[in-house]
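> No sequence on hand, only this structure:
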């Protein structure tokens, strides 16, 4: 069985639920530990009574050392500060042999078991951004992405995890400083610092808006397949990282900040995801009419160009970025 953990608050509830449902559809055997970062999120998740899920409250999770730095971090910075601590909490509290942290905006198209199995005898698994040259932010955001990171509960894995946790407690901010950025740039040093690190080779794990321009996609019987344009190598898409997607369900629109996405990417990847988010939002509002998660598209003048995607509109009328 695969063990996962994630964290989000009520603003990200519908996104986290989409990730969970994608796991439920594609992963044969798993358990997901969800750290609910506000009371509304905790209450709603408990009412939903999800299978294969353990919901953890902030009251139970937050340690004294986390509480000591909480006031010095923004909401996002505190999320980042807590990432490593959530993994350690699961390993110690629930006595599982491994745990994979998932960003709430990741989404599975196939069983991630193959990714964890790739570790073999290594104790820590990390994934690269695999940036398209146009969007290469490795100097600022790091070579590796904290989106899917696995730790085994052994001496080597716990050593790296506790080191990361201590680093994040000491410094975890949304700025570049002395080679650090949030919780993420710390990972850049791990392959040289620790011998137990495995860098994921399967390019189907971690497709994202900053690397999607390198691939073409097609439906292959029961799964979504990709092809690396430069090499012609085909692969099964395991998970996609839906970073910074803004939704307006009432208008049937979604916005992709900064990255250029073409028609094929939208039709095979983004449109189905948007429809899934919309369906979850409707269910949540029917479940609890006090819980409104209908999103508003925010004006991000500093993050242009952006994409507006209208569902069920004539393609020629779409405002799309392309390659």
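Noted; the coordinates are in hand. The structure presented is a predicted model; accordingly, all values stated were derived computationally and were not measured. Numbers count the residues shown, from 1 in each chain.
> How about stretch 183-195, which residues are buried there?
Judged by neighbour count (16 or more other C-beta atoms under 10 Å), stretch 183-195 contains these buried residues: 183, 184, 185, 186, 187, 188, 190, 194. Glycine gets a C-beta too; all of them are placed from N, C-alpha and C.
> If we only consider those residues, which is nearest to residue 143?
Minimum separation from residue 143 among those (C-beta to C-beta) is found for residue 188, which lies at 5.3 Å.
> which phi and psi does the closest one have?
Backbone geometry at residue 188, expressed as degrees, to the nearest 10, gives phi -60, psi -30.
> Who are the contact partners of it?
142, 143, 144 (C-beta atoms under 8 Å, 6 or more residues apart in numbering).
> so what's the last one closest to, chain neighbours aside?
Counting by C-beta to C-beta, 6 or more residues apart in numbering, the nearest residue to residue 144 once its immediate chain neighbours are dropped is residue 187, at 4.1 Å.
> now swap in residue 288 and tell me
residue 44 (6.4 Å).
> One more: residue 138?
residue 131 (6.3 Å).
> Which ones among the buried residues of stretch 183-195 lie within strands?
Nothing among those maps onto strands, per DSSP state E.
> Among those, which are located in helices?
Applying DSSP state H to those, the entries found in helices are residue 190.
> Can you name the residues bridging to the spatially closest residue to residue 52 that is not a sequence neighbour?
Spatially, and ignoring its direct neighbours in sequence, residue 52 is nearest to residue 31 (5.4 Å; C-beta to C-beta, 6+ apart). Bridge pairing for residue 31 (DSSP bridges) gives the partners residue 3.
> wait, what's in contact with residue 31?
1, 2, 3, 4, 52, 53, 54, 96.
> how many neighbours does the first one have?
As a burial measure, residue 1 scores 12 neighbours (other C-beta atoms under 10 Å).
> And the host helix or strand of residue 271, what does it pack against?
Here residue 271, judged by DSSP states H and E, is contained in helix 271-287. Secondary-structure packing of helix 271-287 (3 or more C-beta pairs under 8 Å, 6 or more residues apart in numbering; DSSP states H and E): helix 13-26, helix 39-48, strand 245-248.
> residues contacting the residue nearest to residue 288?
10, 13, 284, 287, 288, 291.
> The second one is in contact with residue 284, isn't it?
Yes. In this structure, residue 13 is within contact of residue 284 by C-beta atoms under 8 Å, at 7.0 Å.
> neighbour-wise, which of these two wins?
residue 13 (24 against 20).
> ok now do the closest residue to that one other than its chain neighbours, which residues does it touch?
Nearest residue to residue 13, sequence neighbours excluded (C-beta to C-beta, 6+ apart): residue 41, at 5.6 Å. Counting by C-beta under 8 Å, 6+ apart, residue 41 makes contact with 8, 9, 10, 13.
> Can you tell me how far residue 205 is from residue 228?
14 Å (C-beta to C-beta, to the nearest Å).
> who's more crowded, those two?
Set residue 205 next to residue 228 and count neighbours by other C-beta under 10 Å: residue 205 wins out with 27 against 13.
> neighbours around residue 28, how many?
8.
> show me what contacts it?
111, 113.
> and with 10 Å instead?
Neighbour list for residue 28: 1, 2, 111, 113 [criterion: C-beta atoms under 10 Å, 6 or more residues apart in numbering].
> Could you double-check that the first one sits in contact with residue 100?
In this case it means residue 1. No. With contacts counted by C-beta atoms under 10 Å, residue 1 stays clear of residue 100, the gap being 11.7 Å.
> quick one: common contacting residues for these two?
residue 30.
> before we move on, the earlier item: nearest to residue 67, of the helices and strands packed on helix 271-287?
helix 39-48 (16.3 Å).
> and the helix or strand that the closest one is followed by, how far from the chain's centre?
On the C-terminal side of helix 39-48, the nearest following helix or strand under DSSP H and E is strand 53-56. Its chain's C-alpha centre and that of strand 53-56 lie 18 Å apart, by C-alpha atoms, centre = their mean, to the nearest Å.
> measure the residue nearest to residue 288 to residue 258 for me?
Taken as C-beta to C-beta, the span from residue 44 to residue 258 is 31 Å.
> what's the answer for residue 29, then?
37 Å.
> Show me which of those two is the more surrounded one.
The neighbour comparison of residue 29 against residue 258 (other C-beta under 10 Å) goes to residue 258, with 17 against 9.
> from what I can see that one touches residue 244, true?
Yes. Between residue 258 and residue 244 there is a contact under C-beta under 10 Å: 7.2 Å.
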